[in-house]
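Asks: Here's a sequence, model it:
(2 chains)
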Amino acid sequence: GQSLEQPSEVTAVEGAIVQINCTYQTSGFYGLSWYQQHDGGAPTFLSYNALDGLEETGRFSSFLSRSDSYGYLLLQELQMKDSASYFCAVNSGGYQKVTFGTGTKLQVIP
Amino acid sequence: EADIYQTPRYLVIGTGKKITLECSQTMGHDKMYWYQQDPGMELHLIHYSYGVNSTEKGDLSSESTVSRIRTEHFPLTLESARPSHTSQYLCASSGLAGDAEYEQYFGPGTRLTVT
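Replies: Have a look, this model is predicted:
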């Protein structure tokens, strides 16, 4: 089966940089995705890594190391609106089924 | 613009009732999913579909059933609701093979309370 591990909570200061790590165990790995979910809202897609390396999208970057079964989401220039839960998710298997991690609750403080 | 709809948004129902949660998407996506999520917790995949007449059970044991008669429609049915079914139910869809396949679009969710 699949399993993913993330820190449960992270607190960071507005304007700072924060990194949220994700380690996974899976078979038939295709890629690692990241989603953001505000309280009471639905998850929204942030990024996807299929190959090793860093992908940058504005203030958000995502990294993958397939050999280490590890990835992270990097948020720069933190804003109060970035306070949310962040989920990593693996696409795996013949039909690329998606399995979500336990989520990391990010609190941005002034 | 991603369009995926869920109805009802909120539902309070008594134990033993049969309910159907509706999910529709207008993006022509082949893949659709149902997740169950308790507040502040992870998403659990309960059903998924890769196309019309294709449905599979997910990782979380569920007493619900789904159908996929039309590409755009993926309803979830609980034959006999129980208090343990109280949760938020999220529907999602994703596109055809290729770069867009991995990106899931989520509906607003149905918050179900069974009394």
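Asks: What parts of chain B come near chain A?
Replies: Proximity of chain B to chain A (Cβ under 8 Å from any Cβ of the partner chain) is limited to residues B:33, B:35, B:40-45, B:48, B:50, B:58-59, B:90, B:92, B:101-109. For the C-beta atoms, the positions are set from N, CA and C on the backbone; glycine is no exception.
Asks: what about the chain, any weak spots by pLDDT?
Replies: Since no chain was named, I'll use chain A. A:1, A:94-96 (pLDDT under 70).
Asks: that's the other chain; I wanted chain B
Replies: Applying pLDDT under 70 to chain B flags the ranges B:1-2, B:61, B:96-100.
Asks: thinking again about what came up before, among the residues of chain B next to chain A, which are in helices?
Replies: Nothing among these maps onto helices, per DSSP state H.
Asks: Now the residue of chain A at minimum distance from chain B. Nearest residue, chain neighbours left out?
Replies: Residue nearest to chain B within chain A (Cβ to the nearest Cβ): A:Ala42, separated by 3.9 Å. Of all residues not flanking A:Ala42 in the chain, B:Phe106 sits nearest, at 3.9 Å (Cβ to Cβ, 6 or more residues apart in numbering or on different chains).
Asks: before we move on, which element is the closest residue to B:His73 other than its chain neighbours in?
Replies: Among residues not flanking B:His73 along the chain, B:Ser24 sits closest, at 5.3 Å (Cβ to Cβ, 6+ apart). Assigned by DSSP states H and E, B:Ser24 belongs to strand B:19-25.
Asks: what distance separates the start and the end of stretch B:29-45?
Replies: By Cα to Cα, to the nearest Å, the extent of stretch B:29-45 from end to end equals 18 Å.
Asks: cool, stretch A:60-76 as well?
Replies: 6 Å.
Asks: for stretch B:24-39, same thing?
Replies: 24 Å.
Asks: Okay, buried residues for it please.
Replies: Burial within stretch B:24-39, assessed by neighbour count using 16 or more other Cβ atoms under 10 Å in any protein chain shown, is assigned to B:Ser24, B:Gln25, B:Met27, B:His29, B:Asp30, B:Lys31, B:Met32, B:Tyr33, B:Trp34, B:Tyr35, B:Gln36, B:Gln37.
Asks: Is it correct that the fifth one is in contact with B:Tyr48?
Replies: This points to B:Asp30. No: assessed by Cβ atoms under 8 Å, B:Asp30 is found out of contact with B:Tyr48, at 11.0 Å.
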